[in-house]
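>>> after the sequence you'll find the predicted model.
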Amino acid sequence: MSLSYDVDAVVLDIEGTTSATGFVVDVLYPYSRSRFGALLSQRGGDPDVQRAVAQVREELGDPHADAAAVEKALNSWLDEDRKATPLKTLQGIIWSEGFARGDLVSHFYDDVVPRLRAWHAAGLRLYVYSSGSVAAQRAWFTNSPEGDLTSLVSGLYDTENAGPKQEPESYRRIAEATGVAPSRLLFLSDRPGELDAARAAGWHAVGIRRPGEPYYEQGVGDHAQAGTFDEITVSRSTA
Ligand SMILES: CSCCC(=O)C(=O)COP(=O)(O)O
Ligand SMILES: [Mg+2]
């Protein structure tokens, strides 16, 4: 099926949409799990670590939770695949260092990068909105199998600078920040709750359903859907 949109910008979810959930869960999650302890014990004075630890303690309802309790909470959120902001902040620190040192290279489905290049060349602006932190997103796009893709992307949004992905207010905030009218924004995601929230904010939304992804069977509700980015035509009228 082919879908066509006349918009000014496309906003991309990462996991399940541009990239495989399996890669995140099987490669990135263990990489962060084995490094939380060292990060907490050796770099507790780093402002980003401090802020994340305070958020974990708040979530636990224990302002005095020690490093072991914080690490335990992070690991159990990892097990649940809970997209908690402090977990994502700390993972982002660990992953960006792993990408920089060459331990990690990101993953994109085969159809994605050619489409992003074509949309960008056609004058579309591209943004990312992911539960992964802005630091993680930057490292992800910098260290792709096809080299540095950051020049394709005009802005990065996460649950810290935009808010939760299932709330319309977050999409209103992103529209405001980008200066693009909601009706000129297209959001691509694998999760129906995120698509619902984008639509409630006045955006166009397309559900990406890729075989083998966790949301493939559940589907994307009553949203338009595509199996790959090749099924989506995006243009930008100048009228
Ligand atoms: C480079 S972001 C790493 C993936 C991740 O941790 C994540 O939570 C992605 O969630 P998304 O909102 O992109 O589905
Ligand atoms: Mg996703």
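Done, it's in. Ligands and ions are numbered 1, 2, ... in the order given.
>>> just the helices in this protein please.
Here the chain has its helices, by DSSP state H, at 21-23, 29-33, 36-42, 47-60, 67-80, 85-100, 112-121, 134-142, 168-178, 192-200.
>>> what pLDDT does Ser2 get?
The model reports Ser2 with a pLDDT of 87.
>>> and it, how far from Gly221?
20 Å (C-beta to C-beta, to the nearest Å). In short, each C-beta sits where N, CA and C put it, glycine included.
>>> who's more crowded, these two?
With neighbours defined as other C-beta atoms under 10 Å, Ser2 and Gly221 compare such that Gly221 has more, 14 against 8.
>>> look up how far ligand 2 lies from the closest residue to Val49 other than its chain neighbours.
In space, Val49 comes closest to Arg43 once its chain neighbours are excluded; the distance is 5.3 Å by C-beta to C-beta, 6 or more residues apart in numbering. Using C-beta to the ion, to the nearest Å, one gets 29 Å for the distance from Arg43 to ligand 2.
>>> nearest the geometric middle of this structure, what residue?
Geometric centre of the chain, nearest residue: Ser130, 1.9 Å, by C-alpha atoms, centre = their mean.
>>> so who does the residue of the chain at minimum distance from ligand 1 touch?
The chain approaches ligand 1 most closely through Gly132 (2.1 Å), counting by C-beta to the nearest ligand atom. Gly132 makes contact with Ile14, Glu15, Lys88, Gln91, Gly92, Trp140, Asp158, according to C-beta atoms under 8 Å, 6 or more residues apart in numbering.
>>> now Glu169: how far from ligand 2?
Distance from Glu169 to ligand 2, by C-beta to the ion: 19 Å.
>>> run a quick neighbour tally on the nearest residue to that residue once chain neighbours are set aside.
Closest residue to Glu169 apart from its sequence neighbours, by C-beta to C-beta, 6+ apart: Gly163 at 6.0 Å. Gly163 is flanked by 19 other residues according to other C-beta under 10 Å.
>>> which residues touch Gly163?
Here Gly163 is in contact with Glu169, Ser170, Arg173 (C-beta under 8 Å, 6+ apart).
>>> same check, this time on Thr17
Taking C-beta under 8 Å, 6+ apart as the criterion, Thr17 is in contact with Leu188, Ser189, Asp190, Ile208.
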